[in-house]
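Student: pasted the sequence and its predicted model underneath.
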Amino acid sequence: MKCGGSTLAALPDAFFQDIRELQESGVETVIVHGGGPAINETLGKLNIESKFLNGLRVTDEATLEVVEMVLAGRINKEIVRKLQQNGAKALGLSGTDGRLIEAQPVENAGELGFVGDTVGVNSELIEGILKLGYLPVIAPIGIDKQGQRYNINADTAAGAVASGLGVERMIVVTDVPGIMRTVDGEKKVLPQVTFADIEEMIASGEIYGGMIPKVRAAMSCLHGDVKEVLIVDGATPKVLSRAVREGGIGTRILRG
Ligand SMILES: Nc1ncnc2c1ncn2[C@@H]1O[C@H](COP(=O)(O)OP(=O)(O)O)[C@@H](O)[C@H]1O
Ligand SMILES: CC(=O)N[C@@H](CCC(=O)OP(=O)(O)O)C(=O)O
């Protein structure tokens, strides 16, 4: 599951209780989280400007310091605390711990700075944590062979973890009820979309901003064992158990 920064602060206790119930019923869950708004807030307090290029944060050394502090520190620990308060067993870690997320600089590192692409995931470590009965909560910081850390978009990191583990389903929890499209002047949630629909909607501007890394990550992890990616709203009651048990919620992205 990917939990977006857009929704994290507002997630009610019921959301974390739902995760605990899933954990107790034997559904193994892994969380990769974002925290873009919290990073912006801390950068603002430090008088460091937030700059984005195609939805990715331009990350110089000073920004990287703040990104790691906020994601691997404040946000990661907040999620673990909330899970524990609601009875779930959780363990927080960053993608640099145990070389969980191996990264390399993005192609346009000249413009973006220390922003990474994923090259591999230490799935044995994640599986080991799950076997101990803990839910891994992962901050999207990557590390390369030389020990350099990178800021990775959380949707990209979640997609890589989903592929690396070969999970059945990735659920992207955000602040909208799915991919929306305006039909006859009315905004509607699309129950499912294909890769072709996505490309068309990006080209027409109907999918923009923070939705772009989500659908790109979805398309690149939908192979092998990963059969579906769901985009859902964290504010919907029981959204996770409904997504896992009933379906018919949010937008499903299907292979091909
Ligand atoms: N077609 C679309 N349908 C729904 N939301 C969209 C669409 N295109 C762009 N968006 C935007 O994507 C946002 C979610 O991305 P983002 O703000 O990055 O969230 P998160 O922090 O959860 O990753 C929505 O709030 C909405 O503004
Ligand atoms: C490279 C890059 O853009 N990294 C993101 C990582 C956090 C993130 O993706 O958070 P959301 O899911 O809340 O957007 C950033 O610095 O904001």
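Tutor: Perfect, I can see it now. Ligands and ions are numbered 1, 2, ... in the order given.

Student: return the residues of the protein in contact with ligand 2.
Tutor: Within reach of ligand 2 by Cβ under 6 Å from any ligand atom, the chain has these residues: 4-6, 34-36, 39, 56-57, 67, 115, 140, 151-154, 210. Heads up, the C-betas are built off the backbone N, CA and C, glycines and all.

Student: in helices only, show me these.
Tutor: Using DSSP state H to define helices, the subset of the residues of the chain next to ligand 2 located there is G5, S6, G36, I39, V67, A154.

Student: sorry, back to before: buried ones only from the residues of the chain next to ligand 2, please, as a PyMOL command.
Tutor: Selection of buried members from the residues of the chain next to ligand 2 for PyMOL, criterion 16 or more other Cβ atoms under 10 Å:
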select buried, resi 4+5+6+34+35+36+39+56+57+67+115+140+151+152+153+154+210
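
Student: show the average pLDDT along stretch 22-34.
Tutor: Stretch 22-34 carries an average pLDDT of 96.

Student: which residue packs closest to the residue of the chain found nearest ligand 2, ignoring adjacent ones?
Tutor: With Cβ to the nearest ligand atom as the measure, G34 is the residue of the chain nearest to ligand 2, at 2.1 Å. Spatially, and ignoring its direct neighbours in sequence, G34 is nearest to A154 (3.5 Å; Cβ to Cβ, 6 or more residues apart in numbering).

Student: now do the same contact list for that neighbour.
Tutor: By Cβ atoms under 8 Å, 6 or more residues apart in numbering, A154 lies in contact with K2, G4, G5, V32, H33, G34, G35, G36, P140.

Student: widest-spaced pair of the residues you listed?
Tutor: Greatest spatial distance in these: V32 and G36, 13.5 Å, computed using Cβ to Cβ.

Student: isn't I48 right up against E61?
Tutor: No - using Cβ atoms under 8 Å, I48 is not in contact with E61, being 10.9 Å away.

Student: T236 and N122: what is the separation?
Tutor: T236 is 32 Å from N122, where distance means Cβ to Cβ, to the nearest Å.

Student: what is the nearest of the contacts of A154 to E127?
Tutor: Nearest member of the contacts of A154 to E127, counting by Cβ to Cβ, is V32, at 15.2 Å.
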